[in-house]
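# Sequence and predicted structure are below.
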Amino acid sequence: MLDETETLSCLRRAKAGDECAKEILIRENTSLLKSILKRYLGKGVEYEDLFELACMGFLKAIAGFDESFGVRFSTYAVPMIAGEIKRFLRDDGSIKVSRALKKTAREMNRFIELFSAAHGRQPTPKELGEEFHMDESEVVFTLGSSKMPLSLYEQSDYKDEKSVSLADRLPAKDTQEEMLDYLILKAAVAALPERERKIVYLRYFRDMTQSEVAREIGVSQVQISRIETRIMTELQKALEA
């Protein structure tokens, strides 16, 4: 693989539109791409398609990388590559669910919880239909939609559940290795000081830039960059431990 100096040189040329530089970066990072896509084999997507998705994520990483981030390009590229594959698996499945249907399913499940607490039993499809003004068949379909692919980190719409993601509420379908990584990362993030947890949330769950996070936290962008680099290093060590 290219050393850091060679990588940065190719990145600058690639960002300027040099297709040859992009090809060099992809070729020299093929082992990285393959190591990531291996985690998603056996999920209904051919190896060649996974590799193409990995390359797409890699090219997006090239376009979005900024040397001022203060991190190695590979560190920045890994979540971009994995994210591209995950989005495909989530959004391009055989069944797609509209946002409105997802919202109704969440509201219906919330109603079931409240009804069960008040009456000591779950509501019947007929009672749910009367509450939500729909046929019983629509009730069954809507409840079934909550089992369909959703974003793992989608937050609840209810005020008292803003800190709860679907990862905490739904059965996991990941491999044992992915679930182990998830649990390790979750524990590592939970162990961070409050301000650092907030930075992780704003950067990776709210998709805010370092400058936006800096304004939210009340520090400089440079400080956010340094803190984020330290956080990523700690999380990487937690995964490798």
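Cool, got the structure. Numbers count the residues shown, from 1 in each chain.

# SS state for residue 17?
Put simply, residue 17 is coil when judged by DSSP: H, G, I helix; E, B strand; the rest coil.

# how close does it get to residue 62?
11 Å (C-beta to C-beta, to the nearest Å). Every residue, glycine included, has its C-beta placed from N, CA and C.

# Between the two, tell me which one has more neighbours.
Set side by side, residue 17 and residue 62 show more neighbours around residue 62, with 20 against 8, by other C-beta atoms under 10 Å.

# Tell me who's in contact with residue 190.
Listed by C-beta atoms under 8 Å, 6 or more residues apart in numbering, the contact set of residue 190 reads residue 197.

# Would you mind measuring from the closest residue to residue 14 other than its chain neighbours to residue 62?
Excluding the flanking residues, the one nearest residue 14 by C-beta to C-beta, 6 or more residues apart in numbering is residue 21, at 4.1 Å. Between residue 21 and residue 62 the computed distance is 9 Å (C-beta to C-beta).

# what do you get for residue 114?
As judged by C-beta to C-beta, residue 114 and residue 62 stand 49 Å apart.

# Residue 40 now?
Here residue 40 is placed at a distance of 21 Å from residue 62 (C-beta to C-beta).

# just residue 214 next, same as before
Residue 214 is 25 Å from residue 62, by C-beta to C-beta.

# Flag the shaky bits of the chain, pLDDT-wise.
Residues of the chain that meet the criterion pLDDT under 70 lie in 1, 91-99, 101, 137, 140-141, 143-184, 239-241.

# redo that, cut-off 80
1-2, 43-44, 69-71, 90-103, 125, 135-191, 204-208, 235-241 (pLDDT under 80).

# domains of it?
The record's domain parsing of the chain by automatic domain parsing lists 4-91, 99-169, 176-240.

# mind checking the end-to-end distance for stretch 67-76?
By C-alpha to C-alpha, to the nearest Å, the extent of stretch 67-76 from end to end equals 10 Å.

# Stretch 25-34 too?
Using C-alpha to C-alpha, one end of stretch 25-34 lies 14 Å from the other.

# which parts of it are buried?
25-26, 29, 32-33 (16 or more other C-beta atoms under 10 Å).

# Verify the stated contact: residue 142 with residue 103.
No: the pair residue 142 / residue 103 is not scored as a contact, 10.2 Å apart, by C-beta atoms under 8 Å.

# For the two, indicate the residue with more neighbours.
Neighbours were counted for residue 142 and for residue 103 using other C-beta under 10 Å; residue 142 has more, 21 against 11.

# Wasn't that one part of a strand?
No: read with three-state DSSP, residue 142 is helix and lies in no strand.

# what about residue 89, neighbour count?
Using other C-beta under 10 Å: residue 89 sits among 16 other residues.

# Which neighbouring elements make contact with the helix or strand encompassing it?
Assessed by DSSP states H and E, residue 89 sits inside helix 73-91. If you count contacts as 3 or more C-beta pairs under 8 Å, 6 or more residues apart in numbering; DSSP states H and E, helix 73-91 packs onto helix 4-15, helix 30-37, helix 47-64.

# Now do the buried residues in the last one.
Of all the residues in helix 47-64, those buried under the rule 16+ other C-beta under 10 Å are 50-59, 61-62.

# likewise stretch 199-218?
199-200, 202-203, 208, 210, 213-214.

# Among these, which are located in helices?
Members of those lying in helices (criterion: DSSP state H): 199-200, 202-203, 210, 213-214.

# Show me which of these is closest to residue 75.
Relative to residue 75, the closest of those is residue 203; by C-beta to C-beta it sits at 13.6 Å.

# now the buried residues of stretch 25-34 in TSV, with distance to residue 192?
Compiled in TSV, those are given as follows (distance: C-beta to C-beta, whole Å):
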residue	distance to residue 192
25	32
26	34
29	29
32	26
33	29
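
# I'm done for today, thanks for sticking with me.
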